[in-house]
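Peer 1: below are the sequence and a predicted model for it; my questions follow.
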Amino acid sequence: MVALSRRSSESTRRWPRPQKVSPIWRAMTLVDRGFVRLVGKLEITGAIPPELRTRPMLIAANHIGVFDAFVLTAALREAGVNPRFLLTAGLLDTPVVGWGLRQGGSIRVDRGKANIAEAFERVTTALRETPGPVLVYPEGRISHDPGLWPERGKTGAARMALAADVPVLTISQWGAHEAVYWGTEVVSGWQDIKPLVKSWLMAIWRRPTFRVHFGPVVDLADLSPDKPGDAMRAHKRIMQAIADNLVPLRRDELDGPRFHDPTRPTDSRSPWKPQL
């Protein structure tokens, strides 16, 4: 049986009531599902345990492209949970997309605040008290590794999971990078958008396969938020689980992706890449 908590027994812990999903957000995820299936084929393996679908949990995924959030939203919906994200304030403040994400219950992370400890406590409290899984990218950005293996990432997700005392489940994904080019850091005109539109139209014609695998809960039972070094140990276990489960999804592309995106930077090296 999966351990749902390291420091609280299931019989004594009070779980939040299942979240009431906004009809607007439910409609948006339905549109997203159709949008993803328009571009390519969605294949899902693994599953989210039924007992965890309405309880606080962190889901950590690798970040491979600008389209993968759409793919993960569709996959989470197929898995029977409300797709919610841990996102920066900038994205949540956008007029349309941000409004929809707020309707869905995504959690806001304010970067660059003067009181980091207060911001961290606010996020961990929200994570602990918000019913249902919340998805986060531990890498913090789309991978710059030439082989598109997960980057080193940061310990933020691991520290939040330990502090909030919630389980961590991983997602490994492959194929969403073929839907749209990485593009550019700053969009200043049509010339910056043109490659994205062209790559997206080509994807509709090629119909790539988007593979999403829900892995098992990562065992962090022996780790503590107060013990030095445990956050890094937790981070390594999470990232290694993502990389290990990524191997079967890209077995014919272990050295590097067949799909070439000329716009994606390749100035980083993954420490999680398996020894080939």
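Peer 2: Cool, got the structure. Numbering: from 1, shown residues only.
Peer 1: ok, which stretches of the stretch 1-150 of the chain are strands?
Peer 2: Using DSSP state E, counting those that start in this stretch, the strands of the stretch 1-150 of the chain run over residues 41-46, 57-61, 86-88, 107-109, 133-136.
Peer 1: output these as JSON lines; include the columns distance to residue 79, mean neighbour count and mean pLDDT.
Peer 2: For every residue, glycine as well, the C-beta is placed using N, CA and C. Formatted as JSON lines, these follow (distance: least, C-beta to C-beta, whole Å; neighbours: other C-beta atoms under 10 Å; pLDDT from 0 to 100):
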{"stretch": "strand 41-46", "distance to residue 79": "7", "mean neighbour count": "15", "mean pLDDT": "98"}
{"stretch": "strand 57-61", "distance to residue 79": "10", "mean neighbour count": "26", "mean pLDDT": "95"}
{"stretch": "strand 86-88", "distance to residue 79": "18", "mean neighbour count": "19", "mean pLDDT": "76"}
{"stretch": "strand 107-109", "distance to residue 79": "19", "mean neighbour count": "20", "mean pLDDT": "75"}
{"stretch": "strand 133-136", "distance to residue 79": "9", "mean neighbour count": "24", "mean pLDDT": "91"}
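Peer 1: for residue 125, find the nearest of those strands.
Peer 2: Among these, the nearest to residue 125 by C-beta to C-beta is strand 107-109 (10.0 Å).
Peer 1: just to revisit the earlier point, turn the strands of the stretch 1-150 of the chain into JSON lines, columns for distance to residue 208.
Peer 2: JSON lines is the format used below for the strands of the stretch 1-150 of the chain (distance: least, C-beta to C-beta, whole Å):
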{"stretch": "strand 41-46", "distance to residue 208": "8"}
{"stretch": "strand 57-61", "distance to residue 208": "18"}
{"stretch": "strand 86-88", "distance to residue 208": "25"}
{"stretch": "strand 107-109", "distance to residue 208": "30"}
{"stretch": "strand 133-136", "distance to residue 208": "21"}
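Peer 1: which one, of those strands, ends up nearest to residue 165?
Peer 2: strand 57-61 (10.7 Å).
Peer 1: which residues of the protein score low on pLDDT?
Peer 2: Low-confidence segments of the chain (pLDDT under 70): 1-19, 89-99, 103, 110-116, 276.
Peer 1: residues touching residue 77, list them.
Peer 2: Contacts here follow C-beta atoms under 8 Å, 6 or more residues apart in numbering; on that basis residue 77 touches 29-30, 32-33, 83.
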